[in-house]
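**Q** Sequence first, predicted model second:
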Amino acid sequence: MAKNSPPRWDRRMQQRLARGEAAALGELYDRYASLVHGLAHRVLDDDASADRVTRDVFGHLWENPDTYDPRQGSLRSWVANVTQDLAVRRLRETERRAFEASGEGTTEEMEQKIRRASAAARADYIVRSMPKPLLSALELAYFQRRDCRQTAEDLGVTEDEARRRLRLGLQLLSTANSRSGDGLPPPDHGRSR
């Protein structure tokens, strides 16, 4: 398989959705509903709103399967991007209405809240998607306060390998804040980056 080729399942799923196979949507839902709801809840901090975003996401995926470009990344990333975009849009609407109703705070404070929620959701997604060796190194070093030597011993690797895993894990996490204010492009451009 070529370096930029997506997994076979992703390609087939996109083709099935494009043909309008309802069973494909069911499979996509079974595979990604918990991811979608979790990301939406992380942004919105509300079950009912996360439920609505989950419905909206799968509706969008069903109606717009052609917006997924397998050359740009995995189907999972595309689903996550669409989810985060729709959740951030809903949060922005909710915050704008609350801001207008109360007259308290500033638009800058509102935008800061939205950016924090978006970055937190992206960080959660990155951690859940991180390869196990990187995640294990980060958990040992940062949550269990192990130094590099102890992390290497616990993982059964060299100190250089432990440092490499920590560096790569931190580099992945640093991308959580690299998005613009609303987090993602509109759903019609919902390709993964």
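**A** Yes, it's here.

**Q** The helix ranked longest in the chain - contacts with which helices or strands?
**A** Longest helix of the chain, by residue count under DSSP state H: helix 75-102. Here helix 75-102 touches helix 8-18, helix 22-44, helix 47-63, helix 107-129, going by 3 or more Cβ pairs under 8 Å, 6 or more residues apart in numbering; DSSP states H and E. (Glycine included, C-beta is placed from N, CA and C.)

**Q** the inter-axis angle of the lowest-mean-pLDDT helix or strand in the chain versus helix 22-44?
**A** The weakest-scoring helix or strand in the chain, judged by mean pLDDT, DSSP states H and E, is helix 107-129 (a mean of 84). Angle between the axes of helix 107-129 and helix 22-44 is 130 degrees (criterion: axes from the mean of the first three to the mean of the last three Cα atoms, to 10 degrees).

**Q** List of residues touching helix 107-129?
**A** Contact partners of helix 107-129, identified using Cβ atoms under 8 Å, 6 or more residues apart in numbering, comprise 35, 38-39, 42-45, 76, 80, 84, 87-88, 91-92, 95-96, 99, 135, 172-173, 175-177, 179, 181-183.

**Q** Roughly how far does the residue nearest to Arg96 when sequence neighbours are not counted sit from Leu39?
**A** Nearest residue to Arg96, sequence neighbours excluded (Cβ to Cβ, 6 or more residues apart in numbering): Met110, at 7.0 Å. To Leu39, Met110 is 21 Å away according to Cβ to Cβ, to the nearest Å.

**Q** The two: who's more crowded?
**A** Leu39 (28 against 16; other Cβ atoms under 10 Å).

**Q** buried set for the helix or strand where Asp154 lies?
**A** Element membership for Asp154, per DSSP states H and E: helix 148-155. For helix 148-155, a neighbour-count test (16 or more other Cβ atoms under 10 Å) marks Thr151, Ala152, Asp154, Leu155 as buried.

**Q** One more: stretch 54-74?
**A** Going by neighbour count (16+ other Cβ under 10 Å), the buried part of stretch 54-74 is Thr54, Asp56, Val57, Phe58, His60, Leu61, Pro65, Thr67, Tyr68, Pro70, Gly73, Ser74.

**Q** Equivalent analysis for stretch 71-85, please.
**A** 73-85.

**Q** any chance of the buried residues of stretch 54-74 in TSV, plus pLDDT?
**A** Below are those laid out as TSV (pLDDT from 0 to 100):
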residue	pLDDT
Thr54	97
Asp56	97
Val57	96
Phe58	96
His60	95
Leu61	95
Pro65	93
Thr67	92
Tyr68	91
Pro70	82
Gly73	83
Ser74	88
